[in-house]
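Peer 1: The following block contains a protein sequence and its predicted model.
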Amino acid sequence: TCSKMPRSKLVLTFDQKARKDFVCGFRKRKDQRRKIAQEELKVKARKEKAGGRRAKRDERDKRMQEYEEVMRARREQRQKEEEEIREFRRLREVQNRDRQVTEQINEMESSDTDSEIVQVERRDK
């Protein structure tokens, strides 16, 4: 035959204060969830705002870099043109000097031939 084991009895005690906190706490817990959600929204909005500022700053930096590149290219082009102008002026000065030297040589040659002609005429006499 089966022997029955004695069961341990479960005793529940009813706490009136805990019941009241649970029943009345619905609103408090709901308000707490709302407060947490609002704080999360504030944090999210702050991050989005910061992200927008970061995007604007990145765009501004990109435009500034492009502007600096354009200005650098213009400056290099202007320097190149100025160097070409200086080189042209140097060449023109050299050509002018060459022309002056050539003219002086021609003058000297013509004066030499004139004096030779005069000297030759004098010898003949």
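Peer 2: Happy to help now that I have it. Residues are numbered from 1 along each chain as shown.
Peer 1: Would you map the strands across the protein?
Peer 2: Using DSSP state E, no strands are found in the chain.
Peer 1: what stretches of it score poorly on pLDDT?
Peer 2: Along the chain, segments meeting pLDDT under 70 span 1-6, 112-125.
Peer 1: give the contact list for the spatially most central residue of it.
Peer 2: Taking Cα atoms, centre = their mean, the centroid of the chain lies closest to residue 65, which sits 2.8 Å from it. Listed by Cβ atoms under 8 Å, 6 or more residues apart in numbering, the contact set of residue 65 is empty. No exception for glycine: its C-beta is placed from N, CA and C like everyone else's.
Peer 1: State the distance from it to residue 43.
Peer 2: With distances taken as Cβ to Cβ, to the nearest Å, residue 65 is found 32 Å from residue 43.
Peer 1: and if you look at residue 95?
Peer 2: 77 Å.
Peer 1: Spell out the residue ranges of the helices in this protein.
Peer 2: 16-124 (DSSP state H).
Peer 1: And for residue 89, the neighbour number?
Peer 2: Residues lying near residue 89 (other Cβ atoms under 10 Å) number 10.
Peer 1: what's the answer for the one 4 residues further on, then?
Peer 2: Residue 93 is surrounded by 10 other residues when neighbours are defined as other Cβ under 10 Å.
Peer 1: same thing with residue 110?
Peer 2: Going by other Cβ under 10 Å, the residues that sit close to residue 110 add up to 10.
Peer 1: Kindly report the same for residue 99.
Peer 2: Count around residue 99 with other Cβ under 10 Å applied: 10.
Peer 1: again with the one 3 residues further on
Peer 2: Residue crowding around residue 102 was assessed by other Cβ under 10 Å; the count is 10.
Peer 1: and it, what is it in contact with?
Peer 2: Applying Cβ under 8 Å, 6+ apart, no residues contact residue 102.
Peer 1: next one: residue 48
Peer 2: So residue 48 contacts nothing (Cβ under 8 Å, 6+ apart).
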